[in-house]
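J.: This is a predicted model, with the sequence first.
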Amino acid sequence: AIIAEIKDNYLDDQLLERTQNQVELKRQSVEAYGKKIGAQERQLGALSDQQQLKLEQAKIKIAQGQLMMQNDSINLRAAEIDYATARLRYDRMDSLYQRGLKSLTDLEARNLTMQQAKAKEISARNNWQNSKTEYQRLYLDLTTIRAEYDTYYSKVLAEQLSASTDQFDAESMVNKLQNQYSNYKARRGYHCITAPQDGYVTEAFVNGLGESVKAGQKIVSIMPSSYDLAVEVYIDPIDLPLMHIGEKVQVQFDGWPAIVFSGWPKASIGTFSGEIYAIDQYIGANGKYRLLLRPLANEENWPSALRVGAGARAMIILNDVPIWYELWRKINGFPPDFYQPKNVKNVDVASK
């Protein structure tokens, strides 16, 4: 049988090709995100190296500024000592001038020397203050470099994490599209319905041309052309303990005349030998347990004209007892004796 699509999602003749193209594009997107993540990883490495270099340069400048500040401090101390010495000499010269031992010219020379020393002291103090301020600025620059590169690093890292998230989403979409492509491809293979095995069509549930069918809807019923004969019979729960795998059974089929002598299976005519090969573990909806029977080896074959669904009546052979005991049991309504056969075939009980 050939079926055709009627849903809009599957009407495209190039559905598989377009879906495969989407898969390839998404796969390329995954690769692009991978390259972007790799570039950002290298960028993070470069930022880290650059930050380390800048920090080393800043530390070197701080060390230089500290040495300069110490040098300016030494120069300031020397200028202070020179000024103190020049002032002391001026005071001595002034004392001698007051006594008339030194001339005014000598006093003015001493005063000029003192003023020059004072100017040098002020210049040295200014240089020391400048070097101290520069040292503090360089130390602040070190902190600024750390904060600045940490900001750059955090920004690139956030972009990398965002790209990783996009890559994961793209990979998830690739898997989803691949699954969808596989489903479309498998669905295309279901347009031609073939039987799971050779057989005969027994009933058509959908008749006519161009009929619509739903998922899971029955279309036809097929009977296999090659099968193993088996008989399905049901017994009451009270008789279940008497049933055993491998128990011999005489089967009478509908359409085959039979003369049955109860208790003498070999004397019966028109019955066929079989054996129990499966017993359901759970009771059926009809309140009985199901047994499956198959032909007994080395006995008369079952009729080749039998068809699936034919009626059958099974007579299970129990323990051999005297005639008087069987008559007495039936008159009193007693069940057959419980017994365990000596040789029971090791066959698993079938699950229903």
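T.: Perfect, thanks for sending it. Numbers count the residues shown, from 1 in each chain.

J.: So residue 51 is in contact with residue 145, correct?
T.: Yes: here residue 51 reaches residue 145: they are 6.9 Å apart, a contact under Cβ atoms under 8 Å. For the C-beta atoms, the positions are set from N, CA and C on the backbone; glycine is no exception.

J.: Can you list the low-confidence ranges for the stretch 151-300 of the chain?
T.: 190, 208, 260-268 (pLDDT under 70).

J.: which residues in it form strands?
T.: Taking DSSP state E, counting those that start in this stretch, the strands of the stretch 151-300 of the chain run over residues 199-204, 220-224, 231-235, 248-253, 272-279, 289-295.

J.: Could you say which of those is packed most deeply?
T.: strand 272-279 (a mean of 21; mean count of other Cβ atoms under 10 Å).

J.: And that one, what does it pack against?
T.: strand 248-253, strand 289-295 (3 or more Cβ pairs under 8 Å, 6 or more residues apart in numbering; DSSP states H and E).

J.: out of those, nearest to residue 59?
T.: strand 289-295 (91.1 Å; Cβ to Cβ).

J.: Can you check what angle separates the closest one from strand 272-279?
T.: Calculated by axes from the mean of the first three to the mean of the last three Cα atoms, to 10 degrees, strand 289-295 forms an angle of 130 degrees with strand 272-279.

J.: CA atoms only for strand 289-295, dumped as PDB, please.
T.: Below are the C-alpha coordinates for strand 289-295, written out as PDB (Å, rounded to 0.1, in the frame of the first residue of the first chain):
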ATOM      1  CA  TYR A 289      -6.100 -19.700  32.700                       C
ATOM      2  CA  ARG A 290      -4.800 -20.200  29.100                       C
ATOM      3  CA  LEU A 291      -2.900 -23.200  27.900                       C
ATOM      4  CA  LEU A 292      -1.100 -23.500  24.600                       C
ATOM      5  CA  LEU A 293      -0.900 -27.000  23.000                       C
ATOM      6  CA  ARG A 294       1.300 -28.200  20.200                       C
ATOM      7  CA  PRO A 295       1.500 -31.400  18.200                       C
END
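
J.: Now the element after it, going C-ward?
T.: strand 312-316 (DSSP states H and E).
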